[in-house]
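Trainee: sharing a sequence plus its predicted fold:
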Protein chains: 2
Amino acid sequence: MSELSSLEASVADAVDAEALVRSAQRLVRIPSWNGEERPAQELMIELMEAVGLEVDAWEIPMSEVRAHPDYAAEIDRKAPLGVVGTLRGSGGGRRLLLDGHVDVVPAGDLTLWTHPPFEGVVEDGRLWGRGALDMKGPLMAGLYALDAVRRAGASPRGDVHLLSVVGEEDGGMGTLAAILRGYRGDGAVVLEPSELRVAPAQAGCLNFRVRIAGRAAHGAVREEGVSALEKLFPVYRALQELEEERNRRLGGDPLFARYRLPFALCVGTVRGGDWASSVPDHVTMDGRLGIAPGEEPEDARRETARALERAASRDPWLREHPPTLEWWGGRFLSARTELDHPLVKSVHGAATAVLGRTEPLEGMTYGADMGLLVNVGDTPTVLFGAGDIRRAHRPDEYVDVSDLVAMARTLAVTVLRFCGSPSGSS
Amino acid sequence: MSELSSLEASVADAVDAEALVRSAQRLVRIPSWNGEERPAQELMIELMEAVGLEVDAWEIPMSEVRAHPDYAAEIDRKAPLGVVGTLRGSGGGRRLLLDGHVDVVPAGDLTLWTHPPFEGVVEDGRLWGRGALDMKGPLMAGLYALDAVRRAGASPRGDVHLLSVVGEEDGGMGTLAAILRGYRGDGAVVLEPSELRVAPAQAGCLNFRVRIAGRAAHGAVREEGVSALEKLFPVYRALQELEEERNRRLGGDPLFARYRLPFALCVGTVRGGDWASSVPDHVTMDGRLGIAPGEEPEDARRETARALERAASRDPWLREHPPTLEWWGGRFLSARTELDHPLVKSVHGAATAVLGRTEPLEGMTYGADMGLLVNVGDTPTVLFGAGDIRRAHRPDEYVDVSDLVAMARTLAVTVLRFCGSPSGSS
């Protein structure tokens, strides 16, 4: 169905673009990073209630969530809030989850931002700021899609749950907590930036930490020591070679055809040494390793360990003092949903009808909550959202307002198509 | 005079080795790093009083010291203690300063220490621990040299001031404060490890900071960003080349003949990135650059800037985003004292007589308070101390107890030779 029914058209038209943008601005203004997500979740409760959703807000029982084998987090949260808003269906239809996160990554160097990251500036038809794209804007598109369905009086047969989650960026503990509270569905849409393409596949990723040892010495006689920073260089090169080799071998999937490195290895932080005038005796690198759909994480871990061993074997110091490898914090399972699943067809058809063009299906290279929904929640899932992930995690993050509105319209139509239109309507 | 007079021999014999070691152990047990020097200074006051020195202890007026053009510090101290113990002379002789610092560098990775760094273990004839060598042991050798002179009843003609200073490791603010309080002399011995060789020359050093910019991006699409860590590699290589070139050009001084790199450039710390799965948009390196005696620091600064410019010119990204260079914190002036100065002769002669062998004069490659004493305090200075600087700033720092005792004996004899023996004695 690449055209909208009249009911679908009226639901799409009911999307309140102004309210969507205003609420997204309010959410961007809350710097919800490093586990400081409560004020953002409280705003989500307020907004869900304002649009007439049933709200389930709870203190996440961390001891229970931490005990789950797929728990992964870099930040130790005390008692974060889980928030789910439900549009109750009339009964008999499929249950749909919309999943979006309120947490954001840090803003980095503030001087690189044209618009301050936490002011929610709207300019040139774009919402600017940390989280505008990833994914406070898209989360609001989900909320105002349900608002549109409700205000158009078109309540679907199946229930729709909007999951507003914390902790996505550091491993997905918020979505895991929602699954453990019972939120599973016949399908789920994770509202991540996908350039309004439907993504039935998602790479996974594993966070790693490499520690390299040196030998300290007074900087004035530095050759008496061994600089851990200098020993980082060959280890880094080994990781680059590993990335090339893995992507050559695993990168054939047509859903990922546009990416040279769909399963990227990125070193994100480096820390070493204690004193400017001492030879540094330790350096630590933290990074992420992309995992292909269908790849066993354990295989990827083993390959990485072997790459480090090879690098160490070529250097006399590293041979005696091999780098250590640890897998920690963020961990995203890769996932895939069959291309002919009703969820894929519903979202893809709705997008085609709303956008007036057929976008290809694509795989997304970043880890996201799809992995948990599919692998833990047994819920077939796609990623679908406004904007380009390449604008995320960097300065001048933005999302086009028109894309947010198109996204909300597509989601509203998806609700009708996937959960079932009200009985008797056409 | 390569033999001891009978008075000198009795003074040398009066060194209380047991008390020296016990007091050094007590001082090592105080972890006096990162500006936390007050308890160590309070112990020095107690010990100076116990051996009968006149003690001048004062709160250093930081606003005055900070205003001096040669003030340099990495740590912002509030109101540190200055402590000077004086052995008052009978009049008419040269004034001698002995200068030792109580601050230490951090202990680094504790697992690398055989003996805990702050327990002051004595084993195998060695005192072990952070600061044992650099320079709590040698400072105690200075104190017990004066104790020996006093107990032998051999008070010299000139005054001797033992300066117990803070803040040496991060730039020498304690010695600067003592100079500003009026402590200058006809000669000074800085009690730094010199393997009991007399060092009438000292390299200087300047602390630098290099900041390298990248462009952040989500780690899953890392090629959209530019890793500041990857851009560090060519910058680091340029610094290595600069070090080689400078040492080839400046390293001809025979006092420094034993060192391949007398004026070493050492990168001591590296910090970059905020998030494991983001491309790091900034990396900072801190390091030290060795300065040759007689070299203008400004020339060295300019050469370093040019080396970075050359590295940047070879890389398209760095050309547009050149690394920034800052000179900060620790800064040690280089210095030299004429080889035929009475101070050099007194210490060298005393060492030869006490040790029973003639050690060569040598230059020391590390920055120390000699630079301030010579350049600001107009006081001809040598470095002289027990132990090997190559054991400093690393795990398992130690000093041989027998060397500490030989050092104390040499200093006691030096006092008589430089400041003048009591009138009437031989």
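Mentor: Structure received.

Trainee: please parse chain A into its domains.
Mentor: The record's domain parsing of chain A by automatic domain parsing lists A:6-202+A:334-419, A:204-332.

Trainee: quick one: stretch A:326-340 near chain B?
Mentor: Yes: using C-beta under 8 Å from any C-beta of the partner chain, stretch A:326-340 reaches chain B at A:Gly329, A:Gly330. For the C-beta atoms, the positions are set from N, CA and C on the backbone; glycine is no exception.

Trainee: could you export that stretch as CSV, CA atoms only?
Mentor: The C-alpha coordinates for stretch A:326-340 follow below in CSV (Å, rounded to 0.1, in the frame of the first residue of the first chain):
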residue,chain,number,x,y,z
GLU,A,326,39.0,-6.0,28.6
TRP,A,327,35.4,-5.9,27.4
TRP,A,328,33.5,-3.5,29.5
GLY,A,329,30.5,-1.1,29.6
GLY,A,330,28.5,-0.6,26.5
ARG,A,331,27.6,-3.7,24.5
PHE,A,332,25.1,-3.7,21.7
LEU,A,333,23.9,-7.0,20.3
SER,A,334,23.6,-7.1,16.5
ALA,A,335,20.1,-8.0,15.1
ARG,A,336,18.2,-8.6,12.0
THR,A,337,14.5,-8.9,11.1
GLU,A,338,13.2,-10.8,8.1
LEU,A,339,12.6,-8.4,5.2
ASP,A,340,9.1,-9.8,4.6
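
Trainee: tell me, how many residues neighbour the closest residue to A:Arg88 other than its chain neighbours?
Mentor: Nearest residue to A:Arg88, sequence neighbours excluded (C-beta to C-beta, 6 or more residues apart in numbering or on different chains): A:Asp159, at 5.8 Å. Each residue near A:Asp159 was counted by other C-beta atoms under 10 Å in any protein chain shown, and the total is 20.

Trainee: list the contacts of A:Asp159.
Mentor: A:Thr86, A:Leu87, A:Arg88, A:Gly89, A:Arg95, A:Leu96, A:Cys419 (C-beta atoms under 8 Å, 6 or more residues apart in numbering or on different chains).

Trainee: most neighbours among the residues you listed, which one?
Mentor: A:Leu96 leads the contacts of A:Asp159 on contacts (other C-beta under 10 Å) with 28 neighbours.

Trainee: quick check: phi and psi at that residue.
Mentor: phi -120, psi 140 (degrees, to the nearest 10).

Trainee: what's the separation between the residue nearest to A:Arg88 and A:Thr86?
Mentor: 6 Å (C-beta to C-beta, to the nearest Å).

Trainee: pLDDT at A:Met1, what is it?
Mentor: On the pLDDT scale, A:Met1 is placed at 58.

Trainee: just say helix, strand or coil for the residue in the stretch 51-200 of chain A that chain B sits nearest to.
Mentor: Chain B sits closest to A:Pro106 of the stretch 51-200 of chain A, with a gap of 4.7 Å, by C-beta to the nearest C-beta. Of the three states, A:Pro106 takes coil under DSSP: H, G, I helix; E, B strand; the rest coil.

Trainee: ok, it touching B:Gly273?
Mentor: No: contact status for A:Pro106 versus B:Gly273: not in contact, 10.1 Å apart, counting by C-beta atoms under 8 Å.

Trainee: more neighbours, the two?
Mentor: Taking neighbours as other C-beta under 10 Å, A:Pro106 and B:Gly273 compare with B:Gly273 leading, 26 against 16.

Trainee: skipping its backbone neighbours, what lies nearest that one in space?
Mentor: Per C-beta to C-beta, 6+ apart, closest to B:Gly273 is B:Pro280, 3.0 Å.

Trainee: picking that back up, what about the residue nearest to the residue of the stretch 51-200 of chain A closest to chain B when sequence neighbours are not counted, neighbour count?
Mentor: The shortest distance from A:Pro106 to any non-neighbouring residue, by C-beta to C-beta, 6+ apart, is to B:Asp274 (4.7 Å). By other C-beta under 10 Å, 19 other residues sit near B:Asp274.

Trainee: B:Asp274 and A:Asp109, how far apart?
Mentor: 9 Å.

Trainee: touching both of the two, which residues are there?
Mentor: What both B:Asp274 and A:Asp109 touch, as defined by C-beta under 8 Å, 6+ apart, is an empty set.

Trainee: wasn't A:Val270 part of a strand?
Mentor: Yes: counting by three-state DSSP, A:Val270 is part of a strand.

Trainee: how about the residues of the stretch 301-426 of chain A by chain B?
Mentor: Counting by C-beta under 8 Å from any C-beta, the stretch 301-426 of chain A sits next to chain B at A:Gly329, A:Gly330, A:Met364, A:Thr365, A:Tyr366, A:Gly367, A:Ile389, A:Arg390, A:Ala392, A:His393, A:Arg394, A:Pro395.

Trainee: can I get stretch A:65-79 in CSV? Just the C-alpha atoms.
Mentor: This file holds the C-alpha atoms of stretch A:65-79, laid out as CSV (Å, rounded to 0.1, in the frame of the first residue of the first chain):
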residue,chain,number,x,y,z
VAL,A,65,18.5,-5.3,35.9
ARG,A,66,22.2,-5.6,36.7
ALA,A,67,21.8,-9.3,37.3
HIS,A,68,20.6,-9.9,33.7
PRO,A,69,23.3,-11.3,31.5
ASP,A,70,22.7,-8.7,28.8
TYR,A,71,23.0,-5.8,31.2
ALA,A,72,25.7,-3.4,30.0
ALA,A,73,26.4,0.1,31.2
GLU,A,74,29.3,2.4,31.7
ILE,A,75,27.5,4.6,34.2
ASP,A,76,26.4,3.2,37.5
ARG,A,77,22.9,4.6,37.9
LYS,A,78,21.3,4.6,41.4
ALA,A,79,17.6,4.5,40.7
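
Trainee: show me what counts as buried in stretch A:166-183.
Mentor: A:166-181, A:183 (16 or more other C-beta atoms under 10 Å in any protein chain shown).

Trainee: with just CA atoms, put that stretch into PDB.
Mentor: These are the backbone C-alpha positions of stretch A:166-183, laid out as PDB (Å, rounded to 0.1, in the frame of the first residue of the first chain):
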ATOM      1  CA  VAL A 166      17.600   6.000  29.800                       C
ATOM      2  CA  GLY A 167      21.100   4.600  29.300                       C
ATOM      3  CA  GLU A 168      21.000   3.800  25.600                       C
ATOM      4  CA  GLU A 169      24.300   5.400  24.800                       C
ATOM      5  CA  ASP A 170      26.200   3.300  27.300                       C
ATOM      6  CA  GLY A 171      24.600   0.000  26.600                       C
ATOM      7  CA  GLY A 172      20.800   0.000  26.700                       C
ATOM      8  CA  MET A 173      20.000  -0.700  30.300                       C
ATOM      9  CA  GLY A 174      16.800   1.400  30.000                       C
ATOM     10  CA  THR A 175      15.300  -0.700  27.200                       C
ATOM     11  CA  LEU A 176      16.400  -3.900  29.100                       C
ATOM     12  CA  ALA A 177      14.600  -2.600  32.100                       C
ATOM     13  CA  ALA A 178      11.400  -2.000  30.100                       C
ATOM     14  CA  ILE A 179      11.600  -5.500  28.600                       C
ATOM     15  CA  LEU A 180      12.100  -7.000  32.100                       C
ATOM     16  CA  ARG A 181       9.000  -5.000  33.200                       C
ATOM     17  CA  GLY A 182       7.000  -6.800  30.500                       C
ATOM     18  CA  TYR A 183       7.100  -4.500  27.500                       C
END
